[in-house]
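Asker: No letters, just coordinates:
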């Protein structure tokens with residue numbers, strides 16, 4: 001049998017302790033804030049029927065699907081995003097859920113992306129969504145949670161860019177451009193920050209927009225103040241509704257004492273997914289060329305089409321790996337290399353009961369404690385503790401047993417203390 005070459009697939013990662021500590025920190029912050037606002041957890045399967053997801057995310061997204069035929073001949077795919085699976089779950093249980101339904105979800109998704117820094121083929125999304133309410137307060141609350149979450153993680157210089165698909169539809173209505181061009185329009189406009197105004201003009205021309213229309217589109221896209229749009233886009237039915245909704249969101253954020261430097265209106269934001277129907281947003285880290293760390297918006301038709309009744313919905317999604325990479329690169333916070341706080345060595349099998357009792361005392365007080373599994377020489381044991389960056393080491397030998405004490409060592413300062421078993425916790429906490 002030939003030797004197996006061990007490697008991970010491109011775009012798939014293993015995560016050991018140093019990464020897991022930061023990942024768990026980020027996820028816990030996200031879940032804690034979501035629960036504080038009344039959200040409940042949800043998990044959905046990794047596989048879904050392909051027919052459920054086709055047409056949900058746009059043609060560009062469909063090129064990235066992990067789609068295959070299973071052993072039963074069914075056309076299935078790994079979920080591309082959490083939202084569509086959530087919509088299926090809600091529609092399937094529509095008569096048993098209580099609305100508005102506020103859900104958070106943290107699970108992996110899969111996309112056949114071109115591999116580059118910050119882009120993986122398996123990654124974890126962290127979503128919050130509010131189902132069953134058309135109130136703009138729900139969109140505002142999602143934005144509030146995003147602001148609180150980024151603040152809690154230690155981000156300073158970021159901004160939520162807010163726009164609306166209805167405002168963008170109003171652009172075409174105002175310019176009397178046929179509705180069939182809307183997808184080409186918003187997909188192209190969404191690239192303006194990446195490729196620049198001139199390249200957007202060129203792409204719009206390639207997609208069949210006239211020179212006159214392109215110049216007018218660019219003029220409108222340069223509008224910074226939403227009030228200025230009332231005399232143009234605001235004269236159309238759809239555009240007026242979009243402007244009113246975004247203005248209401250901005251007013252709620254202001255009334256909620258959200259720092260007005262953390263959000264702004266930006267008509268050039270379009271978002272790539274086909275399912276958005278109203279307000280949309282992205283959270284963008286401004287400095288360091290980081291860009292977007294979250295995107296979301298209102299998608300009122302995604303569930304409705306499954307159940308033949310109106311089910312409005314809104315939400316946003318954060319990428320775990322992207323946030324973790326930024327936190328690591330910027331050294332945002334001090335994270336230990338291990339979650340082990342104390343390690344105990346019993347230098348002989350007959351001292352193991354003392355080690356077990358000591359570990360129980362510490363574990364009962366929520367101190368993460370490991371008993372070293374073999375009776376090693378002290379030097380080997382301390383080298384292990386040092387390599388693992390474990391803060392405290394306890395040694396139990398003949399002297400300690402005979403005197404009913406423990407030898408406690410602070411691994412960072414090399415200080416040693418002889419303490420009674422019942423006093424070890426106090427000594428660790430006080431240091």
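Answerer: Perfect, thanks for sending it. For clarity, every value in this text was computed on a predicted model and none was experimentally measured.
Asker: Next, residue 261: phi, psi?
Answerer: Here is the backbone geometry of residue 261 (degrees, to the nearest 10): phi -80, psi -10.
Asker: For it, give me its contacts.
Answerer: Going by Cβ atoms under 8 Å, 6 or more residues apart in numbering, residue 261 touches residue 159. From N, CA and C alone the C-beta is placed, and that goes for glycine too.
Asker: distance of it from residue 180?
Answerer: Going from residue 261 to residue 180 by Cβ to Cβ, to the nearest Å gives 39 Å.
Asker: same check, this time on residue 40
Answerer: In this structure, residue 40 and residue 180 are 40 Å apart, going by Cβ to Cβ.
Asker: same question, residue 14
Answerer: For residue 14, the distance to residue 180 equals 47 Å [Cβ to Cβ].
Asker: So what sits opposite the most centrally placed residue in the chain in the bridge?
Answerer: When Cα atoms, centre = their mean is applied to the chain, the residue found nearest the centroid is residue 318 (2.5 Å). With DSSP bridges as the criterion, residue 318 is bridged to residue 126, residue 294.
Asker: Verify the contact between it and residue 155 for me.
Answerer: No. Using Cβ atoms under 8 Å, residue 318 and residue 155 do not qualify as a contacting pair, with a distance of 11.5 Å.
Asker: quick check: domain ranges of the protein?
Answerer: 17-329, 342-430 (automatic domain parsing).
Asker: now, of these, which is deepest in the fold?
Answerer: domain 17-329 (a mean of 18; mean count of other Cβ atoms under 10 Å).
Asker: Figure out the length between the terminal residues of that domain.
Answerer: 17 Å (Cα to Cα, to the nearest Å).
Asker: pLDDT on that domain, on average?
Answerer: For domain 17-329, the mean pLDDT works out to 93.
Asker: Off-centre distance for that domain?
Answerer: On the basis of Cα atoms, centre = their mean, to the nearest Å, domain 17-329 sits 12 Å off its chain's mean C-alpha point.
Asker: Likewise for stretch 407-415?
Answerer: Stretch 407-415 has its C-alpha centroid displaced from the chain centroid by 38 Å (Cα atoms, centre = their mean).
Asker: now swap in stretch 374-389 and tell me
Answerer: Here the centre of mass of C-alpha atoms in stretch 374-389, compared against the chain's by Cα atoms, centre = their mean, lies 37 Å away.
Asker: Quick one: residues contacting the residue nearest to residue 187 when sequence neighbours are not counted.
Answerer: Take residue 187 and drop its neighbours on the chain: the residue closest to it by Cβ to Cβ, 6 or more residues apart in numbering is residue 272, 6.6 Å away. Contacts of residue 272 were listed using Cβ under 8 Å, 6+ apart, and they are 58, 60-61, 187, 190.
Asker: same deal with residue 38?
Answerer: Shown in contact with residue 38 (Cβ under 8 Å, 6+ apart): residue 102.
Asker: Point out where the stretch 301-431 of the chain drops to low pLDDT.
Answerer: By pLDDT under 70, the low-scoring segments of the stretch 301-431 of the chain are 431.
Asker: make it 50
Answerer: Within the stretch 301-431 of the chain, no stretch has pLDDT under 50.
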